[in-house]
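In: Sequence and predicted structure, then a few things I'm wondering about:
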Amino acid sequence: MYNLVIIDDETKIRDGLCNYFPWNEIGFRVVYDAKNGKDALNYIQHHHVDVVLSDIKMPVMSGIELIELLHEQKPHIKVVFLTGFREFEYAQKALIYGAVNFIVKPTKYHELKDVFLRIKNDLDANTSNTGVTNDNSGKHESETEQGYHEKILTIIRSYIEEHYGNVTLDDAAKLVHMSPTYVSRYFKRRTGQNFSDYVLSVKMKKAAVLLNDIKYRICDVSAMVGYENAKSFTTSFKKYYGKNPKEFREKI
C-alpha cells in the first residue's frame, strides 16, 4: 500500500474523495486529509507519504505553494492536482515543480482510477528497480532526497564557478526552477553559507589566480570578476585576504 494525503478546502469534496473512492483496491491508503497546504505540509514533514492529491486554489497555503516546498523538501512525492477549467495558468507553474497529473473538477471516477493506477505502476517500478519495499522505504527516501539536494547544489555551484563575473541570484534560481528568495534560504540551510558569501569567495579565489598573471592590470582583474570599479574590488579583496591586490601581487 502507498500512503496518500488528500487536500481540499471544500469539506464535501474532501470527504467524498477520502471515503467513497476504493483506494485500497488500487493499492493506496489515505493516511491524512487536510483543508489547506500548510496543514498537509506539517503532516508530511513528520510522516512517510508517497502521493499527494491536492486542490490548487486554497486559503492559507495554495497547492502551488505546497508543491514548491515539496519540490525542495520531499522530491520523491508524486503530486496530482484537482483543477477547475479556469485554473490552467496555475497548472503551468505546477508543472515546473513536478506535478505528475491534473484532474479537472468535477472529479470522474474512471479518470481518478486511471491516473492513480498509472502512478501505482510507476511507484511499483521504482520499488522494483531499487530493491526497496514500500513498507521499508525510509532509507530509500533519505537517499533519494540526499541525491536530489546534491544535484541542486552542484547546479548552483557550477553556475557560480562558470559565471563568477556576472552572477545573479535570479539566474541561479531559474536554473533550478525555484524563486530567488527560496534559493537564498535553501543555499544557506544546505551549506551553512550565504549565497552572496559563496559568490564572494569564488570571486576572490579567481581574482587571486588572475593576479598571478602579470599581463593583467589590477583594474582588469577587477572587471573580470564582476566589479564595476577597482576601488570596490580593492576593498573586498583586502577584507577577504588581509592585504590589497597590489600587496598580494608583490608577495607572489
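Out: Arrived safely, thanks for sending. Numbers count the residues shown, from 1 in each chain.

In: Confirm Asp39 sits in a helix?
Out: Yes: with DSSP: H, G, I helix; E, B strand; the rest coil as the criterion, Asp39 is part of a helix.

In: mind listing what it touches?
Out: The contact partners of Asp39, by CB atoms under 8 Å, 6 or more residues apart in numbering, come to 7, 60. In this view, the C-beta of every residue, glycine as well, is placed from N, C-alpha and C.

In: quick one: low-confidence parts of the stretch 101-250 of the chain?
Out: Scanning the stretch 101-250 of the chain for pLDDT under 70 picks out 127-148, 177.

In: For burial, what's the neighbour tally of Ile156?
Out: Per other CB atoms under 10 Å, the neighbour tally for Ile156 reads 23.

In: Repeat that for the one 3 residues further on.
Out: Using other CB under 10 Å, Tyr159 is surrounded by 17 other residues.

In: from memory it sits against Leu169, does it?
Out: No: Tyr159 lies out of contact with Leu169 (CB atoms under 8 Å); the separation is 10.6 Å.

In: ok, which stretches of this structure are helices?
Out: Ranges of helices within the chain are 11-19, 37-44, 63-73, 88-96, 109-130, 138-162, 169-175, 180-191, 195-211, 218-224, 230-241, 245-250, based on DSSP state H.

In: Which residues does the shortest one contact?
Out: Under the criterion CB under 8 Å, 6+ apart, residues 207-208, 211, 214, 218, 221, 233-234, 237, 241 lie in contact with helix 245-250.

In: Scan the residues you listed and report the most crowded one.
Out: Tallying neighbours with other CB under 10 Å puts Phe237 at the head of the contacts of helix 245-250, with 27 neighbours.

In: Report the spatially nearest residue to it, omitting neighbours in sequence.
Out: Once flanking residues are discounted, Phe237 sits nearest to Pro245: 5.2 Å by CB to CB, 6 or more residues apart in numbering.

In: now Asn229
Out: Leaving aside its chain neighbours, Asn229 sits nearest to Ser222 (7.2 Å; criterion: CB to CB, 6+ apart).

In: okay, now the one you found: neighbour count?
Out: Neighbour tally, Ser222, other CB under 10 Å: 23.

In: Next, the contact list for it, please.
Out: Ser222 makes contact with 207, 229-230, 232-234 under the criterion CB under 8 Å, 6+ apart.

In: Can you tell me how far Lys239 is from Ser201?
Out: Counting by CB to CB, to the nearest Å, the separation of Lys239 from Ser201 is 12 Å.

In: between the helices of the chain, which one is nearest to Glu25?
Out: For Glu25, the closest of these is helix 109-130, at 9.0 Å, according to CB to CB.

In: got the angle between the closest one and helix 11-19?
Out: Angle, helix 109-130 to helix 11-19, by axes from the mean of the first three to the mean of the last three CA atoms, to 10 degrees: 50 degrees.

In: Kind regards, and thank you for your time.
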